[in-house]
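**Q** this one's sequence-less:
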């Protein structure tokens, strides 16, 4: 287990080290622009920083004076980092390096400053579970949320990156870094998913109406996901798609916006329903945003399926029937709880093992090896099964009918006198 953990951490650290090195190169160029604009040099700036650290007085107040250069350096760093930076700030820390002769020498002040700035960027812009806030750490101890640290870090680093890019763009020396950083955010955060969907639509000859119809038949947890149409199965003729939300890191940032858009795109928009759809989209969008933090934890959800939902999952899939014998309920309930602890890779391996022999699973589903192998990397083709989806759609419709009927009758048949207008108002208010 320790080796697996170390391997995972090593892969995670690789990208942090890469980003740290890349930022050093970028800020080295930015500092070169600073030397040029202030008519100074790296050696001179290092010397000035040393004087300030030792408490020595700086000479000159003109544009070539030491005080002016240090003030300009301090202002640039403060604006880029978003906080007032003094000589006592950790960014100005200079580590001591041991030479071969055993002598301890301080690292060059400018080089140390560039390294510290690069480390600050990496710390705040690259996901790191060690930096989740106290609220998220406390949430981990509650029976709420599933993998709460990951979406929390995506939100933290996503907003930090945008904020950092905006600050860098405001400075001449770092404008190139900021523009590149902002382009990266827009590219991976907006252009990439939009481009992937549009490419899938073009290759599959899908229209906007087809995409709207697709979202009606996918499972509820995928309704607002990043869906890419991939065409039709040649044998069954069923529509296929990929759900890239599983591997797209910025999905936590974009899902609320995508949810609002999907709500607005449902059916024809009129003046009467536009405000309602926008409000509904906003409410659902916020719920999508907080779902990773406030939804039931995996184990608690499984127990709630058995105890609170009487043997049914949140998606209305039946775990056991009320009339099942106690022994069968215990067996099915135990297996349902154990399933929650099984890694998804086990199901993936079982599907790959069955697919060459066309062996159906317990739900009668037969899998194709050509679809399952890419699934190892998150690019699994999923077939839309309208017949199976209709069962859940009809069940959901019947629930809404029952809820609307109960709401109408409960408000109108209380036993007291009620006017025809109130009856009409209650009827209109109990819409499905």
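**A** Thanks, I have the structure now. Only a predicted model underlies this, so the values are computations on that prediction, with no experimental measurement involved.

**Q** could I get the full set of strands for the protein?
**A** Taking DSSP state E, the strands of the chain run over residues 96-98, 104-106, 227-232, 239-243, 382-383.

**Q** quick check: which helices or strands does the shortest one pack against?
**A** Judged by 3 or more CB pairs under 8 Å, 6 or more residues apart in numbering; DSSP states H and E, the packing partners of strand 382-383 are strand 239-243. Any C-beta I mention is one placed from the backbone N, CA and C, and that applies to glycine too.

**Q** any idea how far the strand it packs on is from the chain center?
**A** Counting by CA atoms, centre = their mean, to the nearest Å, strand 239-243 is centred 21 Å from the centre of its parent chain.

**Q** let me know the average pLDDT across that strand.
**A** Computed over strand 239-243, the mean pLDDT rounds to 90.

**Q** now swap in stretch 364-383 and tell me
**A** So the average pLDDT for stretch 364-383 ends up being 79.

**Q** what's in contact with that stretch?
**A** Under the criterion CB atoms under 8 Å, 6 or more residues apart in numbering, residues 218, 230, 233, 236, 238-244, 246-247, 348, 351-352, 354-356, 358-361 lie in contact with stretch 364-383.

**Q** how close does residue 183 sit to residue 121?
**A** 16 Å (CB to CB, to the nearest Å).

**Q** neighbour-wise, which of those two wins?
**A** residue 121 (25 against 12; other CB atoms under 10 Å).

**Q** look up the closest residue to that one, ignoring the ones flanking it.
**A** residue 23 (4.9 Å; CB to CB, 6 or more residues apart in numbering).

**Q** I'd say that neighbour and residue 124 touch.
**A** No: counting by CB atoms under 8 Å, residue 23 stays clear of residue 124, with 11.2 Å between them.

**Q** between these two, who's got more neighbours?
**A** A count of neighbours by other CB under 10 Å puts residue 23 above the other of residue 23 and residue 124, at 21 against 17.

**Q** contacts only, for that one.
**A** Per CB under 8 Å, 6+ apart, neighbours of residue 23: 117-118, 121-122.

**Q** same thing but 10 Å
**A** 114-115, 117-122, 125, 177, 181 (CB atoms under 10 Å, 6 or more residues apart in numbering).

**Q** ChimeraX command for the buried members of the residues you listed?
**A** Filtering the contacts of residue 23 down to the buried ones (16 or more other CB atoms under 10 Å) takes a single ChimeraX command:
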select :114,115,117,118,119,120,121,122,125,177,181
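
**Q** residue ranges with poor pLDDT in the stretch 301-432 of the chain?
**A** 315, 341-345, 430-432 (pLDDT under 70).

**Q** just the stretch 151-300 of the chain next, same as before
**A** Looking at the stretch 151-300 of the chain by pLDDT under 70, you get 256-260, 263-300.

**Q** quick one, helices of it?
**A** For the stretch 151-300 of the chain, helices defined by DSSP state H, counting those that start in this stretch occupy the ranges 175-186, 192-204, 208-217, 251-264, 271-294, 298-307.

**Q** coming back round to it: distance to residue 322 and mean neighbour count added to the strands of the chain, as TSV?
**A** What follows is these, written out as TSV (distance: least, CB to CB, whole Å; neighbours: other CB atoms under 10 Å):
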stretch	distance to residue 322	mean neighbour count
strand 96-98	72	9
strand 104-106	75	10
strand 227-232	36	19
strand 239-243	33	22
strand 382-383	32	18
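
**Q** looking at those strands, which is nearest to residue 45?
**A** Nearest to residue 45, of all the strands of the chain, is strand 104-106, at 14.9 Å by CB to CB.

**Q** just the mean pLDDT for the closest one, thanks.
**A** Here the average pLDDT along strand 104-106 is 70.

**Q** now the helix ranked longest in the chain against helix 175-186, angle please.
**A** Assignment by DSSP state H gives helix 2-37 as the longest helix of the chain. Using axes from the mean of the first three to the mean of the last three CA atoms, to 10 degrees, the inter-axis angle of helix 2-37 relative to helix 175-186 is 140 degrees.

**Q** show the average pLDDT along helix 2-37.
**A** 86.

**Q** correct me if wrong: residue 132 contacts residue 150.
**A** Yes: proximity of residue 132 to residue 150 meets the contact threshold set by CB atoms under 10 Å, at 9.4 Å.

**Q** okay, these two: which has more neighbours?
**A** residue 132 (18 against 15).

**Q** tally up the residues packed near residue 19, please.
**A** 16.

**Q** do the one 5 residues further on as well
**A** Using other CB under 10 Å, residue 24 has 17 other residues around it.

**Q** ok, it - contacts?
**A** 111, 114-115, 117-119, 121-122.

**Q** can we see that at 7 Å?
**A** 114-115, 118 (CB atoms under 7 Å, 6 or more residues apart in numbering).

**Q** now distance to residue 390 and pLDDT too, for those residues, in TSV please.
**A** TSV is the format used below for the contacts of residue 24 (distance: CB to CB, whole Å; pLDDT from 0 to 100):
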residue	distance to residue 390	pLDDT
114	61	95
115	60	94
118	55	95
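
**Q** so which of the residues you listed are in helices?
**A** Short answer: the contacts of residue 24 in helices (DSSP H) are 114-115, 118.

**Q** hang on, the earlier thing: same list, the strands of the chain, but as a markdown table with distance to residue 52 please.
**A** A markdown table is the format used below for the strands of the chain (distance: least, CB to CB, whole Å):
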| stretch | distance to residue 52 |
| --- | --- |
| strand 96-98 | 18 |
| strand 104-106 | 14 |
| strand 227-232 | 55 |
| strand 239-243 | 55 |
| strand 382-383 | 61 |
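
**Q** grab the nearest non-local neighbour of residue 76.
**A** That would be residue 171: by CB to CB, 6+ apart, it lies 5.7 Å from residue 76.

**Q** residue 110 contacts residue 44, correct?
**A** No: the pair residue 110 / residue 44 is not scored as a contact, 9.6 Å apart, by CB atoms under 7 Å.

**Q** of the two, which one has the most company?
**A** Shown here are residue 110 and residue 44; by other CB under 10 Å, residue 110 has more neighbours (23 against 15).

**Q** quick one: contacts for that one?
**A** 31, 42, 45-46.

**Q** of the residues you listed, closest to residue 74?
**A** Scanning those for proximity to residue 74, where the rule is CB to CB, the winner is residue 45, at 11.3 Å.

**Q** pretty sure residue 113 contacts residue 89?
**A** No: when contacts are counted by CB under 7 Å, residue 113 is not listed as touching residue 89 (9.9 Å).

**Q** more neighbours, the two?
**A** Applying other CB under 10 Å to residue 113 and residue 89 shows that residue 113 carries more neighbours, namely 23 against 16.

**Q** list the contacts of the more buried one.
**A** Counting by CB under 7 Å, 6+ apart, residue 113 touches 91-92.

**Q** could you redo the last one with a cut-off of 10 Å?
**A** Contacts for residue 113 (CB under 10 Å, 6+ apart) come out as 27, 31, 45-46, 49, 73, 77, 89, 91-94, 107.
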